[in-house]
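Participant: How does the following fold in three dimensions:
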Amino acid sequence: MLKLGDQIKLSIEKLTFNGGRGLARFNGAVVFVPFTAPGDKVTATITKIKKRFIEAELHEIIEPSSLRTTPVCPVFGRCGGCSWQHLTYNSQLQTKLMLLGEFIKKVDPHVEVSEFLESPQQWHYRNRIQLHAEDGLYGYYSRKTNNLIPIKECPIADKDINENMALLYKEHLLKGHFKKKTSRFELTKGPKGRTHLITNQFTNNIRLFSQVNVAQNENLIKQVLNIINVINPKRIFDLYCGSGNFTFPIKDNNQKVSVSGVEMSSTSIKEAQKKALHLDADICFTHSTIEDFFKTHPGFTSEDLILIDPPRTGLSKSALEALAKKQPPSLIYISCNPATLTRDLTDLYKLSNLRIKTVIGFDMFPQTDHIESLVYLTSKSTK
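Facilitator: Numbering: from 1, shown residues only. Got it, this is the predicted structure:
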């Protein structure tokens, strides 16, 4: 009878979504072990026993997988950030492609992921990081705890952020911005290339301009524009538009198309409206929830395209039902969570005529198990 603390020998079969843990089997039971690789032979210590699975922590690597590499970060495995620094970059991409494909086939078994785009930068790609300060030190929290792991730099953070990290922290510390025993703050590289420190006591609109992986975000925008150029819609509705990450490039790409942006965040929509005024861009930005927007929206024509980029939680049930009720002819769904994407696409298949035409994956966050994707759907009646 297995009990907590027991050590067991395992052969890691594959990696899984939501934590990027390795999957193995022991006496028929599924075992999840973080920081392992397919092909590893390991011993692991049992930390949790459930009816359907066991969780364990890596104790020793008996025989390493060929997919392994040496992690760059000295606190990898302790810090709560990266989960896959121990994997070669190619194996990270192949695993993400496999996982995204598995999710998509739950919706439509006939659909394949057409491509998975690697990040232009495997390291130093983050334009924004969130750190914690405690007793004169700063860093990340350790996995599953609020224990501080002090750092001097972060290998996935922009080089300018790393170069300015210590100086900015010291400046704000002297100004008394870290009055609490523990504080949270962000280091953000602004649109003009300057690094800013933003404390939770002082809000700053700099964060609105900061895309986490700028270079890969540009690739994502290019793929959206490629689809738009092929189907040539007359009207485009950018729902969950934020401060206009897609909205402005779409209008820039085609001045003749009618572009509307909808966003429930008043701060983001004000920034979008301000930018539109500054650029003299003919874009209609509306401060509204998706549900309220559809209450007054007359409906779509066959020449309309809808773009949605919801949060990690995906579409709310009411938003999805409101969208499906309008029977959109074409839809681009941008997702940072394959699980909620799968749930929403399954419901759209049931409630609308939309069917998947193209799926593209993007490695927006190298060294982690996070997966970004674009799914283009068209109505059965317009095919």
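Participant: just checking, residue 76 touches residue 87?
Facilitator: No: using CB atoms under 8 Å, residue 76 makes no contact with residue 87, being 11.2 Å away. From N, CA and C alone the C-beta is placed, and that goes for glycine too.
Participant: Low-confidence stretches in the stretch 251-383 of the chain?
Facilitator: 381-383 (pLDDT under 70).
Participant: coming back round to it: name the residue in residue 76 and residue 87 with the higher neighbour count.
Facilitator: Counting neighbours by other CB atoms under 10 Å for residue 76 and for residue 87 shows that residue 87 has the greater number, 25 against 18.
Participant: Return the set of residues that bridge with the more buried one.
Facilitator: Listed beta-bridge partners, residue 87: residue 68 (assigned using DSSP bridges).
Participant: and stretch 254-268, which residues are buried?
Facilitator: Within stretch 254-268, the residues that count as buried by 16 or more other CB atoms under 10 Å are 257-264, 268.
Participant: Tell me the span between the first and last residue of it.
Facilitator: 23 Å (CA to CA, to the nearest Å).
Participant: Show me the contact partners of it.
Facilitator: Stretch 254-268 is contacted from outside by 205, 208, 228-229, 233-244, 247, 250-251, 269, 272, 282-290, 293, using CB atoms under 8 Å, 6 or more residues apart in numbering.
Participant: among the residues you listed, which are in strands?
Facilitator: 235-239, 283-287 (DSSP state E).
Participant: Identify, from those, the entry nearest to residue 9.
Facilitator: When the ones in strands among the contacts of stretch 254-268 are ranked by distance to residue 9 (CB to CB), residue 239 comes first, at 50.3 Å.
Participant: Would you double-check that residue 51 falls in a strand?
Facilitator: No: secondary structure assignment places residue 51 outside any strand; it is coil (DSSP: H, G, I helix; E, B strand; the rest coil).
Participant: and it, how many neighbours does it have?
Facilitator: Using other CB under 10 Å: residue 51 sits among 5 other residues.
Participant: Could you pull up the residues touching it?
Facilitator: So residue 51 contacts nothing (CB under 8 Å, 6+ apart).
Participant: Which strand or helix spans residue 171?
Facilitator: Using DSSP states H and E, the element containing residue 171 is helix 159-174.
Participant: in the following helix or strand past that helix, what's buried?
Facilitator: Using DSSP H and E, the helix or strand that follows helix 159-174 towards the C-terminus is strand 182-189. By neighbour count with 16+ other CB under 10 Å, strand 182-189 contains the buried residues 183, 185-189.
Participant: If any of the ones in strands among the contacts of stretch 254-268 are buried, put those into a ChimeraX selection.
Facilitator: In ChimeraX syntax, the buried subset of those is picked out as below (16+ other CB under 10 Å):
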select :236,237,238,239,283,285,286,287
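Participant: what would the ones in strands among the contacts of stretch 254-268 look like in a markdown table with distance to residue 137?
Facilitator: Shown next, in a markdown table, are those (distance: CB to CB, whole Å):
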| residue | distance to residue 137 |
| --- | --- |
| 235 | 53 |
| 236 | 48 |
| 237 | 47 |
| 238 | 42 |
| 239 | 42 |
| 283 | 45 |
| 284 | 48 |
| 285 | 42 |
| 286 | 45 |
| 287 | 41 |
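Participant: Looking at the ones in strands among the contacts of stretch 254-268, which is nearest residue 132?
Facilitator: Closest approach to residue 132 among those (CB to CB): residue 287, at 32.7 Å.
Participant: Quick check: that closest one vs residue 294, distance?
Facilitator: 15 Å (CB to CB, to the nearest Å).
Participant: Residue 342 too?
Facilitator: The gap separating residue 342 from residue 294 is 23 Å, by CB to CB.
Participant: The strand or helix carrying residue 259 pairs with which strands, parallel or anti?
Facilitator: Assigned by DSSP H and E, residue 259 falls within strand 258-263. Using DSSP bridges, strand 258-263 pairs in its sheet with strand 235-239 (parallel), strand 283-287 (parallel).
Participant: Which residues are in contact with the residue positioned nearest the centre of the chain?
Facilitator: Centroid-nearest residue in the chain: residue 336, 3.7 Å away (criterion: CA atoms, centre = their mean). Residue 336 is in contact with 312, 364, 370-372, counting by CB under 8 Å, 6+ apart.
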